[in-house]
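Asker: no sequence on this one, just coordinates:
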C-alpha cells in the first residue's frame, strides 16, 4: 500500500532553535499534504494544508511565521518550527491523500515527537 | 462544544469480547466518517470509512453511521490483545478535504 514517510521520528532541540520535519510520499504523488499536531491524550489538530507549488493554508490560531511549510515537489513537504519554545513540544504528524483521492483515504506518516528543552 | 465528541477511556476488555466504540458529532455537514487505529508514538492507520448512513463490515470490524442521531460506532468482534491501541474517529464534510478528529478512545484487550 501507499506509504508516507516522516523524518525524523523524534528530535530534541534547544529553546530558540529551528527544527525541520520532512514528509515524503514514497510511491505516489501528493499535491496536497496535511500537517497535524497532537498533544498527549488529545485529538489530532489540523495546523495547515500544504499545497504543491503554492502557499500553505493555515488554520485559525496557527502562526504561519512560526510554522513554515514548504511543498516544493509532489512527493515532499517540510514543516519548520522556528524559534522553538517548550510549549511547541508535541507530536507532529503529516498525511497525504493519493493524487485525486479524497482525504478519506489519506495515509499518515509515523509522526515526529518534538521536545524543546 | 467540540464538533466531535469521543470518550477517551481507557476501555479495558477481556480477549474475545465484542468492543463498541462511539463518537457523536454536531456538524450536520459531515458526510464521510472514518475510524483510525493509532499505536503509541505512531501515526494513525485507517481502518474503515463510510459515506453517509449505514453499516460497513470488514473482517472483525463493523462501522455504523446514524446521521439522524449524529452518532457513529465501531464494533470489534473477537477482540485480540493486538487490538490494544487508541481508536480515533474522524469526519469530513461533503466537498471538503479537512478531517475533524475525536480525541480517541484508548482500548486495552487483556489476556
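Answerer: Alright, I've got the coordinates. Here the structure is a predicted model, which means the values were calculated and not measured.

Asker: strands paired with the host helix or strand of residue A:48, and their directions?
Answerer: Using DSSP states H and E, residue A:48 sits within strand A:44-51. Strand A:44-51 has its sheet partners listed here by DSSP bridges as strand A:32-38 (antiparallel), strand A:57-58 (antiparallel).

Asker: please identify the deepest-packed of those.
Answerer: Mean neighbours per residue, mean count of other Cβ atoms under 10 Å in any protein chain shown, is largest over the strands paired with strand A:44-51 for strand A:32-38, with a mean of 24. Every C-beta, even on glycine, is put in place using the N, C-alpha and C of the backbone.

Asker: what does that one contact?
Answerer: A:23, A:25, A:44-52, A:67, A:69, A:71, A:77, A:79, A:90-97, A:103, A:106, A:111, B:97-99 (Cβ atoms under 8 Å, 6 or more residues apart in numbering or on different chains).

Asker: next one: stretch B:55-69
Answerer: Outside stretch B:55-69, the residues touching it (Cβ under 8 Å, 6+ apart) are B:24, B:28, B:33, B:35, B:47-50, B:52-54, B:71-79.

Asker: buried among those residues? Make that a ChimeraX selection.
Answerer: Remark: buried members of the contacts of stretch B:55-69, expressed as a ChimeraX selection using 16 or more other Cβ atoms under 10 Å in any protein chain shown:
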select /B:24,33,35,47,48,49,50,72,73,74,75,76,79
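
Asker: near chain A too, which of the contacts of stretch B:55-69?
Answerer: residue B:49 (Cβ under 8 Å from any Cβ of the partner chain).

Asker: which ones among the contacts of stretch B:55-69 map onto strands?
Answerer: Among those, the members found in strands (DSSP state E) are B:24, B:33, B:35, B:47-50, B:54, B:71-76.

Asker: and for the nearest residue to residue A:66 once chain neighbours are set aside, the neighbour number?
Answerer: Spatial nearest neighbour of residue A:66, chain neighbours left out: residue A:82 (5.5 Å); criterion: Cβ to Cβ, 6 or more residues apart in numbering or on different chains. Residues near residue A:82, counting by other Cβ atoms under 10 Å in any protein chain shown, number 15.

Asker: how far away is residue A:82 from residue A:18?
Answerer: Residue A:82 is 5 Å from residue A:18, where distance means Cβ to Cβ, to the nearest Å.

Asker: try residue B:67
Answerer: Counting by Cβ to Cβ - residue B:67 and residue A:18 are separated by 45 Å.

Asker: what's the answer for residue A:106, then?
Answerer: From residue A:106 over to residue A:18 the distance is 27 Å, taken as Cβ to Cβ.

Asker: neighbour count winner among the two?
Answerer: Using other Cβ under 10 Å as the criterion, residue A:106 and residue A:18 rank with residue A:106 on top: 26 against 12.

Asker: from what I can see that one touches residue A:49, true?
Answerer: No: with contact defined as Cβ atoms under 8 Å, residue A:106 does not count as touching residue A:49 (11.5 Å).

Asker: so how far is residue A:114 from the residue in chain A that chain B sits nearest to?
Answerer: Proximity of chain A to chain B (Cβ to the nearest Cβ) peaks at residue A:108, 3.7 Å away. According to Cβ to Cβ, residue A:108 and residue A:114 sit 17 Å apart.
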